[in-house]
Structures are given as C-alpha cells and as structure tokens.
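> Predicted coordinates and the sequence they were generated for:
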There are 2 protein chains.
Amino acid sequence: MQRTMAKRPLPPADHHAARFARQREADRTATAEDYVELIADLLREEGEARAVDLARRMGVSQATVTATVGRLQRDGLVETKPYRGLFLTPSGQEMARTAKARHELVVRFLIAVGLDPETAETDAEGLEHHASEKALAAFARFLAEREDGGR
Amino acid sequence: MQRTMAKRPLPPADHHAARFARQREADRTATAEDYVELIADLLREEGEARAVDLARRMGVSQATVTATVGRLQRDGLVETKPYRGLFLTPSGQEMARTAKARHELVVRFLIAVGLDPETAETDAEGLEHHASEKALAAFARFLAEREDGGR
DNA sequence: ATGATAACTTAGCCTAGGCTTAGTTTCGGA
DNA sequence: TCCGAAACTAAGCCTAGGCTAAGTTATCAT
C-alpha cells in the first residue's frame, strides 16, 4: 500500500518532463479545437459561421479571429468565403466531430459526479482538451456503470 | 425533459464568451502554478531547487527557465540566489500549497473513477488548472461519499 | 443604383513561452 | 591555488494569440 501522505518521491526527471511536454502539446491544439467546434456548432445551429459571430462568442476581436482563422486555414482545417462565412474541410469536420463528442462526454461525466449543468458546461470547456484517451475511456465506463446501477 | 441529442441551442454569446475568458485566464496562471509547485516539491524532496533541475524536469532549456523565473520574480512569487537555487516568497508558498492540494485531489479523484495511478498523475497535470472551485468541491464530495460507502 | 453600415483585413504593437548560441560566474577537485 | 566543468545569464530569434486603429469591400435598404 502506498503512503497517503504526499510524500511520494519525485518521478524520474525524463518522466516528469514527458508529462509537461504532453501538456504543452495539448495547449497547442486547444485553440484550434475550440474554433473548429464553435464553427461546427454555428453551422449546425445557425446555418452559417461568420467571423463576426466567432469573435462575439469567443470574446475576442475580429482581428484576432482573422489571424486565428488564417492559421486554421494554413493547417487545412477551415476554408473561408469572405462575407459568406467559414466552412470546415473534411479534416476540420473530423476534428469538430471528435471534439464535440469529447465535450459531451466530459459534460455528462461532470454532471454525473455532482456538478450542476451550467458549471459542468463551463468547466468542460477547459477540461476537454487535457483529458487523455484513457481518462475519457474511464469517464465513459463510469457513466455506463452509473446507468446500469441506476435502473 | 431535455433532448438527449446534442441539439441544445447555443448559449447567449456573452455567456459563451465568458467561458472562454475564464479559460484564457486559467491558461495564464497555469505555468506559474506548475513552476511554483515544482519548486516546492524540489525544496521539500531534495532540499534545494536549482534552475538546472527545473529545466530538466520541465523538459525545457535553462534559458527558458531563466526567463520564466524572471516573470515569477517580477510577480512576487519567487526569489533567487544564483548558484544557491530558487526560493518561494510567502505568496509563492501559498500558491504552491493550494496547487499541490488541488493536484492531490484531482489525482485521487481520477483514480477513484477508474484511472490507473500513472495516467491519473499525468492527466492531473493538465486538468488541475482548469477545474473550477465548484468542480473541485464536487470531486471532494464524491471521494468522501466513496469512502463512506466503501466501509 | 448608390451609399451607409456592417463585415472583413491589414498593419503595427504587445506578452508569454519556447529555442540556440555565446558569454559569465562559481564551485570543487587535482 | 587554480582551472575546467557545470550553472547560470544574455542576446537574438520564433510562434501563438491577444489588442487597437485604420483601411477595404459587400450587402441591403432606400
């Protein structure tokens, strides 16, 4: 049995470094995922995703949206038709699909462990980018068990 | 009853924007927390926290550590005595204390919902910065119940 | 059909957080 | 004691992601 006190020695340095590297990697993709997810939502709910709406919903200036969308375009995730909104490339759609699924899963999980839906939604925004596949699998398992046990 | 399909309409734009703002705020403090937490760990476990060890454990160059530590110093979290390592100011210690508590809580929670300890540790690194107070409270509640039920 | 308004872009600036390469300092062992 | 290796700093560069202010350009309503 492990000690309960926070006295476990530090992990080996390279191990430790790998965690932070994963972390930085996740940070780099987080913005792309947020934009792509939001574009997909807007396309679905409003029929179009205009830069001005993205700016409004992200709480950011239009200039920032222009710059970010430029990077997304460079990375093959988004296409633009000025004054006709933004569109997702196939790989953008793919990213949006998995991002949304992840988001939904995290929200449902947070609610299941006792968070109110509004806070769950807010927190999911931050947490969804940092949960590993293993963690997501554990969340899904937890939800499945919860549903079985509940009936 | 709400629809189960992901068809809930988008939240109001300002609402939506506020979530992302919180998010960006958390991102800004994440690096500081990671450094301060690691410095505290090194001081506790090794007796000193040298820049070179931070670099090794963060997986980053020494120059990057110098720059980051400069910002931490500017922000009143850290003090340096060259060749004698890094030290935390009272407010740095405070930050380390709460960061560590949060980290421990998230790890224990992740293990409780079925993650293996190693992955829990890795994921906690990313998740701890993005869980709200409400979420942390929910995690703690969950663990408490779990312990009651378990006996 | 044209002109005001709204949408979008450009330019220029900033900070955080990375990097490498090239110095400085300090410490410790011969 | 002194000198080489290790620790640290400095300089200069880069990208992402923010900002404002100043253009452009489409669209739509008259």
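Alright, I've got the coordinates. Please read all numbers here as calculations on a predicted model, not as lab measurements.

> At which residues are the strands of chain A located?
Taking DSSP state E, the strands of chain A run over residues A:78-80, A:86-88.

> counting contacts, what elements does the first one pack onto?
This points to strand A:78-80. Applying 3 or more C-beta pairs under 8 Å, 6 or more residues apart in numbering or on different chains; DSSP states H and E, one finds that strand A:78-80 contacts helix A:13-46, helix A:62-74, strand A:86-88. No exception for glycine: its C-beta is placed from N, CA and C like everyone else's.

> tell me, how many neighbours does residue A:23 end up with?
Residue A:23 has 21 neighbours, counted by other C-beta atoms under 10 Å in any protein chain shown.

> my bad, should have said residue A:33
Neighbours of residue A:33 (other C-beta under 10 Å): 20.

> where does it sit relative to DNA strand D, distance-wise?
To DNA strand D, residue A:33 is 10 Å away according to C-beta to the nearest atom of the strand, to the nearest Å.

> Same check on residue A:20?
Using C-beta to the nearest atom of the strand, one obtains 17 Å as the distance from residue A:20 to DNA strand D.

> mind checking pLDDT for that residue?
Residue A:20 is assigned a predicted lDDT (pLDDT) of 95.

> Likewise for the one 5 residues further on?
Per-residue confidence for residue A:25 comes out at a pLDDT of 94.

> likewise residue A:121?
95.

> Could you check how far it is from residue B:18?
Distance of residue A:121 to residue B:18, computed by C-beta to C-beta, to the nearest Å: 11 Å.

> who's more crowded, the two?
Using other C-beta under 10 Å, the more surrounded residue of residue A:121 and residue B:18 is residue A:121, with 20 against 14.

> so what's that one up against?
Contacts of residue A:121 were listed using C-beta atoms under 8 Å, 6 or more residues apart in numbering or on different chains, and they are A:107, B:11, B:19.

> Tabulate those (CSV), appending neighbour count and distance to DNA strand C.
Formatted as CSV, the contacts of residue A:121 follow (neighbours: other C-beta atoms under 10 Å in any protein chain shown; distance: C-beta to the nearest atom of the strand, whole Å):
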residue, neighbour count, distance to DNA strand C
A:107, 21, 27
B:11, 15, 19
B:19, 19, 20
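
> Just list the residues touching the spatially closest residue to residue A:59 that is not a sequence neighbour, thanks.
Nearest residue to residue A:59, sequence neighbours excluded (C-beta to C-beta, 6 or more residues apart in numbering or on different chains): residue B:17, at 3.0 Å. By C-beta under 8 Å, 6+ apart, residue B:17 lies in contact with A:56, A:57, A:58, A:59, A:60.

> hang on, the earlier thing: would you mind putting the strands of chain A into CSV with mean neighbour count alongside?
Shown next, in CSV, are the strands of chain A (neighbours: other C-beta atoms under 10 Å in any protein chain shown):
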stretch, mean neighbour count
strand A:78-80, 18
strand A:86-88, 20
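
> looking at it, residue A:64 is touching residue A:55, isn't it?
Yes. Residue A:64 lies in contact with residue A:55 (C-beta atoms under 8 Å); the separation is 7.2 Å.

> the more surrounded of those two?
The neighbour comparison of residue A:64 against residue A:55 (other C-beta under 10 Å) goes to residue A:55, with 19 against 13.

> Next one: the more buried one from residue A:70, what distance?
14 Å.

> got it, and residue A:18?
Distance of residue A:18 to residue A:70, given as C-beta to C-beta: 32 Å.

> ditto for residue A:37
Taking C-beta to C-beta as the measure, residue A:37 falls 18 Å from residue A:70.

> more crowded one of those two?
When residue A:37 and residue A:70 are compared on other C-beta under 10 Å, the one with more neighbours turns out to be residue A:37, at 20 against 12.
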